[in-house]
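Enquirer: Need a 3D model of the following:
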Amino acid sequence: MSDDSTKIHVPPKGTRGARMMDVFMRLGRPFMSRVVRRYQKASGPEPEKFMGFPVGVLTTVGAKTGKERSLPLGAFQDGPDTWLIVASKSGSASHPAWFHNIAQNPDKVWFQIGNRKFKAHVESLRGTDREDAYAKVAKAAPSYAGYPKKTDREIPVLRITPAG
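Expert: Down below sits the predicted model:
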């Protein structure tokens, strides 16, 4: 069980948002698996880039399955050993599965950036901290700027730091 410092705020699901086609999601899984394997083999300290912004590999434990799940995500540096990730799901009405995995199992999260992998402490940002962090991400990766316009849900922003 987690204490209050590890609880993840889960905003309500939205009533509108971008639609992610199931067929696209199924077809994308093999591609994402290849991307994860490539990133996990990173030999240098600098993160891989995709569409001009850094990418990290997030590993969570499934909320329903209990299985480890790894996927590449935009990772935005927010200080030494501090990264921001955004549960945007491209502006969908629902949160991504990995976000629910973190909320259910906040003590079972790992993060890899470049060749550095660590057990992660995850903090859910709220209020002006979340707004400022989202603005920082949108400045670094302009595609993120349009996601809040597509949905009426609050898009979670999480801060990742090494645990312990």
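Enquirer: what sits up against stretch 68-77?
Expert: 32, 35-36, 39-40, 47-48, 50, 53-62, 83-86, 97-98, 101, 111, 113, 136-137, 140-141, 144, 160 (C-beta atoms under 8 Å, 6 or more residues apart in numbering). Where you see a C-beta, it was placed from the backbone N, CA and C, and this is true even at glycine.
Enquirer: mind redoing it with 6 Å?
Expert: 32, 35-36, 39, 53-62, 83-85, 113, 137, 140-141 (C-beta atoms under 6 Å, 6 or more residues apart in numbering).
Enquirer: avg pLDDT for it?
Expert: Stretch 68-77 carries an average pLDDT of 93.
Enquirer: where in the protein is pLDDT low?
Expert: By pLDDT under 70, the weakly predicted segments of the chain are 1-6, 20-32, 42-45, 50.
Enquirer: The residue most central in space within the chain: what's it in contact with?
Expert: For the chain, the residue sitting closest to the mean C-alpha position, by C-alpha atoms, centre = their mean, is residue 85 at 4.2 Å. Contacts for residue 85 (C-beta under 6 Å, 6+ apart) come out as 73, 158.
Enquirer: in which helix or strand would I find it?
Expert: strand 83-86 (DSSP states H and E).
Enquirer: same check, this time on residue 139
Expert: Judged by DSSP H and E, residue 139 forms part of helix 127-140.
Enquirer: just the strands in the chain please.
Expert: For the chain, applying DSSP state E gives strands covering 48-50, 53-61, 68-74, 76-77, 83-86, 110-113, 116-124, 157-162.
Enquirer: Of all those strands, which one is nearest residue 9?
Expert: Residue 9 lies closest to strand 116-124 among the strands of the chain, at 4.2 Å (C-beta to C-beta).
Enquirer: can you pull the buried residues of the closest one?
Expert: The neighbour-count check on strand 116-124 (16 or more other C-beta atoms under 10 Å) flags 118, 120, 121, 122, 123, 124 as buried.
Enquirer: Make JSON lines out of those residues and add distance to residue 70.
Expert: Output for the buried residues of strand 116-124, formatted as JSON lines (distance: C-beta to C-beta, whole Å):
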{"residue": "118", "distance to residue 70": "14"}
{"residue": "120", "distance to residue 70": "13"}
{"residue": "121", "distance to residue 70": "18"}
{"residue": "122", "distance to residue 70": "15"}
{"residue": "123", "distance to residue 70": "21"}
{"residue": "124", "distance to residue 70": "21"}
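Enquirer: re earlier: so for residue 12, which of the strands of the chain sits nearest?
Expert: Among those, the nearest to residue 12 by C-beta to C-beta is strand 116-124 (14.2 Å).
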